[in-house]
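Novice: Sequence isn't available, so here's the structure alone:
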């Protein structure tokens with residue numbers, strides 16, 4: 001409960017988590033390729049990041065030097081994370097709860113194992129985050145909606161209920177790391193300079209063909225489902241960007257290695273900070289709520305917090321000369 005309440009305070013624009021009917025009710029006929037490819041190389045260079053047209057923390061626009069790196073072509077899936085757990089015996093933060101030694105100032109109930117889950121509000125005019133959020137004891141990556149739920153037949157879905165330390169542990173196991181915010185944003189923009197959205201100037205609801213898994217309609221009351229999915233989608237259901245990367249926008253929020261900073265030009269925060277930065281929005285971002293389905297959008301998240309629409313992907317360092325040429 002502490003994680004949920006504090007997470008809500010840090011995520012005032014974060015669009016919820018997935019409940020039973022949100023998680024698996026796929027409406028589209030998604031048949032992603034069996035092989036979406038390995039990591040995609042991004043060339044080193046000077047890149048312009050940020051945006052001054054939306055939320056204040058997204059600005060100012062800055063120019064940054066980014067070294068060559070490669071990034072996973074899609075979000076880490078349940079199958080990939082299961083292989084990591086099988087090989088290492090790793091137990092996620094949601095499964096363990098908060099340790100008393102580090103959180104002895106909290107009551108026992110606030111340290112329970114579990115995670116945040118979205119519950120569609122019963123009233124027609126919900127006014128507060130607590131109207132549609134709840135902490136579910138026993139919710140974790142293998143039981144995304146709580147006890148009794150599972151990821152059977154969802155091997156190709158992005159793994160969720162992942163806290164920052166879980167994402168870092170998986171990345172280290174693969175000999176990789178989490179992307180910096182700058183790396184993530186460069187990859188999401190895929191050479192498209194100055195456009196507000198990853199695909200250009202058109203808002204997602206105005207596209208003829210959906211470009212990402214987001215919420216269509218008035219959140220959290222009505223989901224028109226015109227993108228083909230009520231909740232999570234398997235990775236690769238939507239067209240890749242110009243770099244060949246899938247789902248950089250929508251589906252699940254993705255952890256970066258950067259700690260919270262209020263502005264783009266603030267000095268980097270120490271990695272030991274309690275709050276980190278997640279990117280990309282999720283399937284619950286809507287025009288009336290969140291609107292963070294853009295490369296420049298930034299959301300600050302308590303690092304011990306997990307939810308059923310928070311996942312990640314990994315990156316690796318490359319020699320300076322590596323990476324395909326890219327417009328910036």
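Specialist: Right, received. Where do you want to start? All of these numbers come straight from a predicted model, not from anything done at the bench.
Novice: any idea which helix or strand comes after the longest strand along the chain?
Specialist: Determined from DSSP state E, the single longest strand within the chain is strand 253-259. Note on strand 253-259: by DSSP states H and E, the next helix or strand toward the C-terminus is strand 275-279.
Novice: Just after that next one, pick out the following helix or strand.
Specialist: strand 299-302.
Novice: helices or strands next to that following strand in the packing?
Specialist: helix 2-10, strand 253-259, strand 275-279 (3 or more Cβ pairs under 8 Å, 6 or more residues apart in numbering; DSSP states H and E). Quick note: C-beta positions are derived from backbone N, CA and C, even for glycine.
Novice: Any idea which helix or strand in this structure has the lowest mean pLDDT?
Specialist: Lowest by mean pLDDT, DSSP states H and E among the helices and strands of the chain is helix 20-23, with a mean of 37.
Novice: so how far is residue 74 from residue 167?
Specialist: The span separating residue 167 from residue 74 equals 15 Å under the rule Cβ to Cβ, to the nearest Å.
Novice: Could you report the pLDDT at the nearest residue to residue 137 once chain neighbours are set aside?
Specialist: Once flanking residues are discounted, residue 137 sits nearest to residue 114: 4.1 Å by Cβ to Cβ, 6 or more residues apart in numbering. You'll see residue 114 listed with a pLDDT of 91.
Novice: same deal with the one 10 residues further on?
Specialist: At residue 124 the predicted local distance difference test score is 66.
Novice: and the closest residue to residue 144 other than its chain neighbours, how many residues sit next to it?
Specialist: Closest residue in space to residue 144, ignoring its immediate chain neighbours: residue 308 at 5.0 Å, by Cβ to Cβ, 6+ apart. Residues near residue 308, counting by other Cβ atoms under 10 Å, number 32.
Novice: Same question for the one 3 residues further on.
Specialist: By the criterion of other Cβ under 10 Å, residue 311 has 32 neighbours.
Novice: same question, residue 34
Specialist: Neighbour count for residue 34, taken as other Cβ under 10 Å: 7.
Novice: Please, which helix or strand holds it?
Specialist: Using DSSP H and E, no helix or strand contains residue 34.
Novice: Between residue 167 and residue 74, point out the one with more neighbours.
Specialist: Shown here are residue 167 and residue 74; by other Cβ under 10 Å, residue 167 has more neighbours (28 against 23).
Novice: and the more buried one, that's in a strand?
Specialist: No - with DSSP: H, G, I helix; E, B strand; the rest coil as the criterion, residue 167 is assigned helix and is not in a strand.
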